[in-house]
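Peer 1: Next comes the sequence, and after it the predicted model I'd like to discuss.
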Amino acid sequence: MLSGLKDRVQVKTILNTESHLEGKEVTLAGWVYNRRAHGNLLFIDLRDGTGIIQISIHKDKVPQKVFKDVERVTRESSVIAKGVVRSDRRAPGGYEIDLKDFHIEGLAEEWPLPIDAGVDVLFDKRHLHLRGEKQTLIMRVRATVFDAMREWFKQNSWTEVHPPIIISASVEGGATLFKMDYFGEVAYLTQSSQFYLEAMIQSLEKVYCINPSFRSEKSKTPRHLTEFWMAEAEAAWMDLEDITRVEEQLVSYICQVVAERHRKDLETLGRNPDDIGSVKPPFDRISYREAIERIKKKGMKIDYGDDMGADEESKLTEDLHKPMFVLEYPKDLKAFYHLPKPSDPSIVMCGDCEAPEGYGEIIGGGQRIHDKDTLIKRIKEDKLKPADYEWYIDLRRYGTVPHSGFGLGVDRLVRWVCKLDHIRATIPFPRTMTRRVP
């Protein structure tokens, strides 16, 4: 611990409604979020990693040097402050600090992000924009989403594994692969870890990973990133209905945890935590055919066999209050590895989990083909080369079993939970078609 900070207290400890620190002197360290002057009385909003608290500075109650330092301190300067905790219902959080001593650790230059800064400016300076209260709250919720996912998987006896990011063949289609030179050979950044998880179910049965994925999609929608995070899972001995139940239980658990641990944060973000806390299984299930009919009735032009994009999914889910599954898509709309429906091979045994309120797809999953010959046939039908998938076909040659899995778009889930307009706000440094810095 830095000299002078051994007795440091964090803001959240003081703002606890049952704080035992009232009337006691504390040491705080953080950044100046805001400064206001009222004659001989100054106020600083001090921000640390846990919250924001108001500090009051009376000119006649502090040394002259301390008052002058507060007068000259700038927004986002790092400081160490000592003072006495005092309850005040007018203060944000119900407590404030009467300053006794003050040290400027790092005096900040003029803050380059004006209040009316546009989106491009904010994301050009994303390394600074992240300090804002809203972004801080989103990152806290995001961290809890990751915690909750791992908690649920662990409680339900799933094993976390760590597939590669550098791969040799497409999972979701060659058009969206990021190609790279790998010591003179062609390699790609992974679109999905699914195939590697399928390899590991032969020994561990139920496996998952939480990894970044990369897709070179030329999409400029509020729900697309080129680099994003997915929680993916695969399980032996599960069919479509089994894996659908897993998905709804996982999503529900995440919602319960976030609603419980972040009530105040969600409210500040404009999300009623009860809306999230009420998300519980079972989720409604409809067929792709029924989804198309519902979208048509809402006035959109779409026919059976058309893919549902962001606009169609938004229209489909705009009136929902909890997620819904759309099951059994036409074969031509989905990747080659989905199991054809035995009674109608033109349909595959897959399903998308659609978030409510117009947010659309957050999970894609389904039952995988476990028969070798069927898999090879589907690979050829998609005009791909079986030789490029030799090791994947091997999984069907040696002890194949029925199995299913899914991929959950973590950033999309965070967007819905936090009630955000655009997915770029869900991740610290978003990557899109037009953005690769900072």
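Peer 2: Here it is on my side, so go on. Numbering: from 1, shown residues only.

Peer 1: Kindly state the distance between the middle of stretch 356-367 and the middle of its chain.
Peer 2: Distance of stretch 356-367 from the chain centroid (Cα atoms, centre = their mean, to the nearest Å) equals 14 Å.

Peer 1: Same check on stretch 381-394?
Peer 2: Centroid separation for stretch 381-394 versus its chain: 32 Å, with Cα atoms, centre = their mean.

Peer 1: Pull out the CA atoms of that stretch and give them to me as CSV.
Peer 2: Extracted in CSV, the C-alpha atoms of stretch 381-394 (Å, rounded to 0.1, in the frame of the first residue of the first chain):
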residue,chain,number,x,y,z
GLU,A,381,-24.3,-29.3,-49.8
ASP,A,382,-22.9,-26.1,-48.4
LYS,A,383,-20.2,-26.3,-51.0
LEU,A,384,-17.5,-26.8,-48.4
LYS,A,385,-14.6,-29.4,-48.5
PRO,A,386,-14.9,-32.4,-46.2
ALA,A,387,-11.0,-32.5,-46.1
ASP,A,388,-11.0,-29.1,-44.3
TYR,A,389,-13.2,-30.7,-41.6
GLU,A,390,-11.4,-34.0,-41.3
TRP,A,391,-10.8,-33.8,-37.5
TYR,A,392,-14.4,-32.7,-36.9
ILE,A,393,-15.7,-35.6,-38.9
ASP,A,394,-13.4,-37.9,-36.8
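
Peer 1: Now that stretch: buried residues?
Peer 2: Residues Leu384, Tyr389, Tyr392 are the ones in stretch 381-394 that count as buried (16 or more other Cβ atoms under 10 Å). Where C-beta positions appear, they are placed from N, C-alpha and C, glycine not excepted.

Peer 1: next one: stretch 139-149
Peer 2: Using 16+ other Cβ under 10 Å as the test for burial, stretch 139-149 gives Met139, Arg140, Val141, Arg142, Thr144, Val145, Ala148, Met149.

Peer 1: just checking, which of the residues you listed belong to helices?
Peer 2: Mapping the buried residues of stretch 139-149 onto helices (DSSP state H) picks out Met139, Arg140, Val141, Arg142, Thr144, Val145, Ala148, Met149.

Peer 1: Tell me the pLDDT of the fourth one.
Peer 2: At Arg142 the predicted local distance difference test score is 98.

Peer 1: for the stretch 151-300 of the chain, which spans come out with low pLDDT?
Peer 2: Applying pLDDT under 70 to the stretch 151-300 of the chain picks out residues 172-174.

Peer 1: all strands of it, in order?
Peer 2: 159-160, 166-167, 178-182, 185-189, 206-214, 227-236, 284-287 (DSSP state E, counting those that start in this stretch).

Peer 1: For Lys100, which of the ones you listed is the nearest?
Peer 2: The closest of these to Lys100 is strand 227-236. By Cβ to Cβ, the value is 44.6 Å.

Peer 1: mind saving the C-alpha coords of that closest one as CSV?
Peer 2: Taking C-alpha atoms only, strand 227-236 is exported to CSV below (Å, rounded to 0.1, in the frame of the first residue of the first chain):
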residue,chain,number,x,y,z
GLU,A,227,-15.0,-8.6,-31.9
PHE,A,228,-17.4,-9.8,-29.3
TRP,A,229,-17.7,-12.2,-26.3
MET,A,230,-19.6,-15.5,-26.3
ALA,A,231,-20.4,-18.0,-23.7
GLU,A,232,-20.6,-21.3,-25.5
ALA,A,233,-21.6,-24.7,-24.3
GLU,A,234,-21.9,-28.3,-25.7
ALA,A,235,-23.2,-31.4,-24.0
ALA,A,236,-23.4,-35.1,-24.8
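
Peer 1: What pairs with it, parallel or antiparallel?
Peer 2: Paired strands of strand 227-236, with direction, are strand 206-214 (antiparallel), strand 403-409 (antiparallel) (DSSP bridges).

Peer 1: quick one, which of those strands is packed in tightest?
Peer 2: Greatest average neighbour count among the strands paired with strand 227-236 goes to strand 403-409 (a mean of 25), per mean count of other Cβ atoms under 10 Å.

Peer 1: Please work out the angle formed by the directions of the helix or strand just after that strand and strand 206-214.
Peer 2: Next in sequence after strand 403-409, counting helices and strands by DSSP states H and E, comes helix 410-417. On the basis of axes from the mean of the first three to the mean of the last three Cα atoms, to 10 degrees, helix 410-417 is oriented at 90 degrees to strand 206-214.

Peer 1: Which elements pack onto helix 410-417?
Peer 2: Here helix 410-417 touches helix 133-155, strand 227-236, helix 240-261, strand 344-355, strand 360-367, going by 3 or more Cβ pairs under 8 Å, 6 or more residues apart in numbering; DSSP states H and E.

Peer 1: what's the angle from the second one to strand 360-367?
Peer 2: The reference is to strand 227-236. Orientation check (the same axes, to 10 degrees): strand 227-236 against strand 360-367 gives 30 degrees.

Peer 1: And for the fourth one?
Peer 2: Direction vectors for strand 344-355 and strand 360-367, defined by the same axes, to 10 degrees, enclose an angle of 140 degrees.

Peer 1: and if you look at the first one?
Peer 2: Counting by the same axes, to 10 degrees, helix 133-155 points 20 degrees away from the direction of strand 360-367.
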